[in-house]
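K.L.:
The following block contains a protein sequence and its predicted model.
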Amino acid sequence: MSTVQTPAAARRTFLTLSFTRWFSVGLVVGIFILWILERGLTISEAAFALTFTGIVVFLLELPTSGFADVFGRRPVYVTAAVFGVLSSVALLVAHSFIAFVIAAVLTGVFRALDSGPLEAWFVDTVHATDPDADVDGALAAQGTVVGVAIAVAALISGGLVWWHPVAGQSALWLPVLCGAIFSVVHLGMVLLLLKEPRDMEHLDTSGMRRAVASAKEAPTVVRDGLRLMRSSRVLRGLMLAEVAWAIAMVVFEMFQPVRLAELLGGEEAAGAWMGPIAAGGWAAVAAGSALAGLTSKRIGVSRTAILGRVLNSLGAVVMGLVAGPVALVAAFAFTYSMHGFLGPMHAALLHRVAQASNRATVLSMNSMVAFAAYTVAAPLLGLLAEGVSTQTAMVVAGAVSLLGLLAYLPARRAERIRAKEHLLSAATR
């Protein structure tokens, strides 16, 4: 049996692997779409190729959810890291639409397998020696580590583009190469540091049955979610709000680097800007989340969500209207901050409508709706950008996403009813 790490050692391993996992992502996150366009794909082809990541995650998220329980946290996380290497290398060498589709599929498998095993390993390892240990602090610290890893890597990525030491290659090539190299480093760190906290022989004998059941769970989640939505107007509204949100995300996640390249005259020039921009974007999200907590205490959760939807949508529209790179970056920072502003409020409303018996179903449905909406919207908007202009696609997407404010109105009415009932209950005590 593998030696069980102490809680302190497990925390160090957990945070170290969280850093290495996301550092490689930070190296390419700002230049991802620019790299694909520079390799010769059109905007619509790039958007369509990238949707395969969402499709694969959508199909595999639930079927892979039980694998770590069946085969152990370490084997699944090692397999995920291997697919991380494969996807990074595929991205580096891709030169055609089919090659980028393959890279997108490999990325989808990586993300589906990567979701959960490390966190589960950490909790299991800590509780193996201290069943009553509090893991909340480490889980919160992970969020900080991930943000720092992506921000630092994005800044380095921008610096590598500015440096451009290999004259025979694109300026974007070195960050993508470094991303692939660091994905290998992450795999090595996983093999070195991650120790299974329990002997594989002692896994629950019902584990394989749970894995098979999990593979059949996606249709059940969809069916149960549809049943819940039929009975809850508030939940129907929240799902529609998620659709609107996903449409806006196409603007500030996919089109922003494309528009920046148009304004600066090329993908390489935009790539140099995207490092600091991506790093600043994470700071904007954090600031928006903090502001949302303060705002909701004054005007309520549903009103804050409506405000976030309106401002995020208007920001996306402005991103499409501005005519200079500095103005685009400023509009992006504001729009991304409102992305962070909306997130915790939407989550809070989901938890209000969910109950203990259906909470997992509600959260899974929300995630599935987001993936599905983005997968459909991105290629359609890509075709619009290619046929008319990138600016037109951005403005249309932002305007359509503004309709999401109407989807929060049922939650607003439910909040008012809840407040009145609370006042009435307090008055009759």
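P.N.:
Structure's in. What do you need? Note that the structure is predicted; figures quoted are calculated from it, not measured.

K.L.:
Residue 333: which element?
P.N.:
Here residue 333 sits within helix 325-353, counting by DSSP states H and E.

K.L.:
pLDDT averaged over that helix, what's the number?
P.N.:
Here helix 325-353 scores 93 as its mean pLDDT.

K.L.:
Show me which residues of the following helix or strand past that helix are buried.
P.N.:
Next helix or strand after helix 325-353 toward the C-terminus (DSSP H and E): helix 359-387. For helix 359-387, a neighbour-count test (16 or more other CB atoms under 10 Å) marks 361-375, 377-386 as buried. For every residue, glycine as well, the C-beta is placed using N, CA and C.

K.L.:
Same check on stretch 119-130?
P.N.:
For stretch 119-130, by 16+ other CB under 10 Å, it's 119, 121-126, 128.

K.L.:
likewise stretch 322-334?
P.N.:
Residues of stretch 322-334 classed as buried: 322, 325, 328-329, 331-334 (neighbour count, 16+ other CB under 10 Å).

K.L.:
I'd like to check what contacts that stretch. Which residues are they?
P.N.:
The contact list for stretch 322-334 (CB atoms under 8 Å, 6 or more residues apart in numbering) reads 252, 256, 259-260, 263-264, 273, 277, 280-281, 284, 311, 315, 318-319.

K.L.:
Tell me which entries of those residues lie within helices.
P.N.:
Among the contacts of stretch 322-334, DSSP state H puts 256, 259-260, 263-264, 273, 277, 280-281, 284, 311, 315, 318-319 in helices.

K.L.:
Take those residues and lay them out in a markdown table including distance to residue 88 and neighbour count.
P.N.:
Converted to a markdown table, the ones in helices among the contacts of stretch 322-334 look like this (distance: CB to CB, whole Å; neighbours: other CB atoms under 10 Å):
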| residue | distance to residue 88 | neighbour count |
| --- | --- | --- |
| 256 | 23 | 29 |
| 259 | 26 | 25 |
| 260 | 24 | 23 |
| 263 | 29 | 18 |
| 264 | 26 | 16 |
| 273 | 23 | 23 |
| 277 | 22 | 23 |
| 280 | 24 | 18 |
| 281 | 22 | 27 |
| 284 | 27 | 20 |
| 311 | 35 | 18 |
| 315 | 31 | 23 |
| 318 | 34 | 19 |
| 319 | 29 | 28 |
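
K.L.:
Greatest separation within those: which pair is it?
P.N.:
Greatest spacing in these, by CB to CB: 264 and 311 (26.5 Å).

K.L.:
Report the helix or strand with the lowest average pLDDT across the chain.
P.N.:
Taking mean pLDDT, DSSP states H and E as the measure, the helix or strand of the chain with the lowest value is helix 207-215, at a mean of 58.

K.L.:
thinking again about what came up before, which one of the buried residues of stretch 322-334 is nearest residue 305?
P.N.:
Distances from residue 305 to the buried residues of stretch 322-334, taken by CB to CB, are shortest for residue 334, at 17.5 Å.

K.L.:
Looks like residue 120 contacts residue 74 (just checking).
P.N.:
No. Between residue 120 and residue 74 there is no contact under CB atoms under 8 Å: 10.6 Å.

K.L.:
what bits of the stretch 301-429 of the chain have low per-residue confidence?
P.N.:
Residue ranges of the stretch 301-429 of the chain with pLDDT under 70: 356-357, 360, 426-427, 429.

K.L.:
The stretch 151-300 of the chain now?
P.N.:
197-222.

K.L.:
hmm, 80 instead?
P.N.:
196-226 (pLDDT under 80).

K.L.:
Show me where it has its helices.
P.N.:
For the stretch 151-300 of the chain, helices defined by DSSP state H, counting those that start in this stretch occupy the ranges 173-193, 207-215, 217-231, 233-249, 256-264, 267-299.

K.L.:
okay, the fifth one in CSV with CA atoms only?
P.N.:
This points to helix 256-264. Provided in CSV are the C-alpha atoms of helix 256-264 (Å, rounded to 0.1, in the frame of the first residue of the first chain):
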residue,chain,number,x,y,z
GLN,A,256,-11.9,39.7,-28.4
PRO,A,257,-8.4,38.4,-29.5
VAL,A,258,-9.7,38.3,-33.1
ARG,A,259,-10.9,41.9,-33.0
LEU,A,260,-7.7,43.0,-31.3
ALA,A,261,-5.7,41.4,-34.2
GLU,A,262,-7.8,43.3,-36.7
LEU,A,263,-7.1,46.6,-34.9
LEU,A,264,-3.3,45.9,-34.5
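
K.L.:
when you compare where it runs with where helix 267-299 runs, what's the angle?
P.N.:
Interaxial angle, helix 256-264 versus helix 267-299 (axes from the mean of the first three to the mean of the last three CA atoms, to 10 degrees): 130 degrees.

K.L.:
for whichever strand or helix holds residue 118, packing partners?
P.N.:
Here residue 118 sits within helix 117-129, counting by DSSP H and E. Counting contacts by 3 or more CB pairs under 8 Å, 6 or more residues apart in numbering; DSSP states H and E, helix 117-129 is packed against helix 7-29, helix 67-71, helix 73-93, helix 136-163.
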